[in-house]
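*Asks:* model this:
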Amino acid sequence: MERSLIILKPDAVQRGIVGEIITRFERAGFKIVGAKMLQPDYDHYFQHYEGIGTLKTRKGEEIFESQMATMQDGPVIAMVVEGVDAVEVVRKMVGATEPKSAQPGTIRGDYAHVSYGQASSIGRGVANIIHASADTNEAEQEISHWFSESEMYDYSTVHEPYTQPRKQ
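*Replies:* Numbering: from 1, shown residues only. Coordinates of the predicted model:
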């Protein structure tokens with residue numbers, strides 16, 4: 001089974017839509033194997049966004065710092081989901097990074113609408129509700145950055161007969 005990191009960002013927590021978003025992943029058949037609420041410091045986010053995600057390298061100092069400030073606006077919910085092709089399917093469910101471009105039916109398409117231009121004009125990172133790992137390599141690095149092994153859980157779900165090999 002594949003795992004992906006999901007972070008429900010401060011704007012999702014502050015709007016009170018965390019339960020609705022988590023429900024979407026559960027209904028899709030993903031197993032939540034780790035979850036916690038926390039308010040990381042700058043260094044933690046620096047490692048996440050630049051050490052792993054190379055945001056500053058790719059997009060520049062201004063975008064990086066506005067994202068860092070936006071993420072520190074409040075607590076987040078971090079969780080790890082497990083399932084078949086988890087990274088790809090979660091990214092599909094989340095939608096395009098820029099909410100304005102996200103398709104209806106995706107999390108960002110249903111719960112956000114701002115554009116990069118609007119966010120930039122007010123000197124903020126784009127309020128896009130959620131982070132999801134971009135690929136399996138990033139997922140592995142992000143999960144180990146956000147969770148210890150003791151914070152991960154193994155249990156059975158009703159979906160597993162449909163995703164696991166048949167027992168002989």
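
*Asks:* Next, give phi and psi for the closest residue to residue 152 other than its chain neighbours.
*Replies:* Excluding its sequence neighbours, the residue lying closest to residue 152 (Cβ to Cβ, 6 or more residues apart in numbering) is residue 34, at 4.7 Å. Using the backbone N, CA and C atoms, a C-beta is placed for each residue, glycine as well. Main-chain dihedrals, residue 34, degrees, to the nearest 10: phi -160, psi 140.

*Asks:* Then residue 166?
*Replies:* Dihedral pair for residue 166: phi -70, psi 140, per degrees, to the nearest 10.

*Asks:* Over to residue 74?
*Replies:* Torsion angles, degrees, to the nearest 10, at residue 74: phi 170, psi -180.

*Asks:* same check, this time on residue 99
*Replies:* According to degrees, to the nearest 10, residue 99 has phi -50, psi -40.

*Asks:* just residue 31 next, same as before
*Replies:* phi -100, psi 130.

*Asks:* ok, now residue 132?
*Replies:* Main-chain torsions, residue 132, degrees, to the nearest 10: phi -140, psi 140.

*Asks:* and it, bridged to which residues?
*Replies:* Beta-bridge pairing for residue 132 (DSSP bridges): residue 6.

*Asks:* Show the contacting residues for it.
*Replies:* 4-7, 87, 90-91, 94 (Cβ atoms under 8 Å, 6 or more residues apart in numbering).

*Asks:* Where neighbours are concerned, which of those has the most?
*Replies:* Highest neighbour count within the contacts of residue 132, by other Cβ atoms under 10 Å: residue 4, with 29 neighbours.

*Asks:* Kindly indicate whether it is helix, strand or coil.
*Replies:* At residue 4 the chain is in strand, as set by DSSP: H, G, I helix; E, B strand; the rest coil.
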